[in-house]
Every structure is written in structure tokens, then in C-alpha cells.
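Student: Following is a predicted model, sequence given first.
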Amino acid sequence: MADSLATIPLTRLDGAADSLGGHAGKVLLVVNVASRCGLTPQYEGLEALYRRLRDRGFEVLGFPANDFGAQEPGSDAEIAGFCSANYGVSFPMFTKADVTGPGKQPLYAALTAARPQKEGDAAGWREKLRGYGMTPTEDPEVLWNFEKFLIARDGRVAARFAPAVSPDDPALLAAIEAELAA
């Protein structure tokens, strides 16, 4: 695991201390999530992906953020309850923190620095947001909820995917499979 990513302190929703170093040797999909977003149903696909691939050394790591449209207003306990009750989420979830702007958590500062551009239709998503009267972020910032960073077993940020890239998207699945095979 790349030292800069591995040593960043993280806290799980239940208050337990963690870091990406605690997941060393696994292929990780780091996703900023929200409970009241049009993309929230991606939780179902993320959980299915996690259950299908976890025995091969794959984990989804969820990072709630309230950065976009105030779509994650709940407390850590409320977020945990929502994810469990509505989507049966069993993959690791972390405390709510900013993923964009000057107050973004150190993990997301490192991820966006390592992989400033995303794959998928970010331009189309930006236009959609403008159509709703919103001002979208520009690269390297996270664009919206459910953006995905793929981290290789060696800790390298292998890929980054735009929010609308679903958990069953062929490009995402191919990238995960390539890292699992490496």
C-alpha cells in the first residue's frame, strides 16, 4: 500500500479507528456515498459487487459526504441505520466528512491528487447539474456523490470513475478484474 494513503487515519461509522493500511493487499473501491441522492440506489450494486468479490480480496469502502446538495444530512448512527435497513450494506463504512473543497478529508486530498481525472461521462454529468441550476466542481475535485476510486493491491490509485458509472458498468468491472488478477 502506498505509504501516503496507508497511513491516513480513518474512523468507521461505529467509531473504530482504521486506515487503508488495515486493508493492505486488497483491491479497494473507495466511494463517497449519500442517502438522499438520485444515485443512492447504487448502494445495492455496490453491496452485490462486494459480496460477489470479497473472497477474492476485494472491498468496497463507503465514505458518506454531505458536500453535494446536502444529500447526506444524517448523523453517523442514522447513516448506518439507513444503509443497513434499506440496502443491507455489510461493507466497511466510515464517518461523514468532506470529499471536496478546502476542508476535504486527507484521504480524498490524496486520492484526487493521485488521480486528477475520472473515467466515464463527467462532462455530461456536469451539464445535467447545470441544468438543475447547480455549479459543478471541476477536476481534480470530486464531481458528485458515488464517485469511485479503484485502489490496487499495492496501494496505487489504479482508476477513478465518474458518479454515474454504476457498480455493474463493464468498464468498472473490467478494471476491478484486472486488479484482482494482478
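Tutor: The structure has been received and is ready for your questions.

Student: Can you list the low-confidence ranges for this protein?
Tutor: By pLDDT under 70, the low-scoring segments of the chain are 1-3.

Student: middle-most residue in this structure, spatially?
Tutor: Closest residue to the average C-alpha location of the chain: residue 31 at 0.8 Å, with CA atoms, centre = their mean.

Student: what's near enough to touch it?
Tutor: Residues near residue 31 by CB atoms under 8 Å, 6 or more residues apart in numbering: 42, 46, 60, 61, 62, 63, 146, 147, 148, 149. Where you see a C-beta, it was placed from the backbone N, CA and C, and this is true even at glycine.

Student: can you check residue 122 too?
Tutor: 139, 143, 162.

Student: export stretch 149-156 as CSV, just CAs?
Tutor: Provided in CSV are the C-alpha atoms of stretch 149-156 (Å, rounded to 0.1, in the frame of the first residue of the first chain):
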residue,chain,number,x,y,z
PHE,A,149,-11.6,5.3,-6.8
LEU,A,150,-10.1,1.9,-7.5
ILE,A,151,-7.0,1.2,-5.4
ALA,A,152,-4.7,-1.7,-6.4
ARG,A,153,-3.3,-4.3,-4.0
ASP,A,154,0.0,-2.4,-4.0
GLY,A,155,-1.8,0.8,-2.9
ARG,A,156,-1.7,2.6,-6.3
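
Student: Does residue 180 lie in a helix or a strand, and which?
Tutor: helix 170-181 (DSSP states H and E).

Student: Correction: the previous question concerned residue 28.
Tutor: Residue-wise, residue 28 maps onto strand 27-33 under DSSP H and E.

Student: And the next helix or strand past that strand?
Tutor: helix 42-53.

Student: Which residues does that following helix contact?
Tutor: So helix 42-53 is contacted by 29, 31, 33, 58-60, 62, 83, 86-91, 146, 166-168, 176, 180 (CB under 8 Å, 6+ apart).
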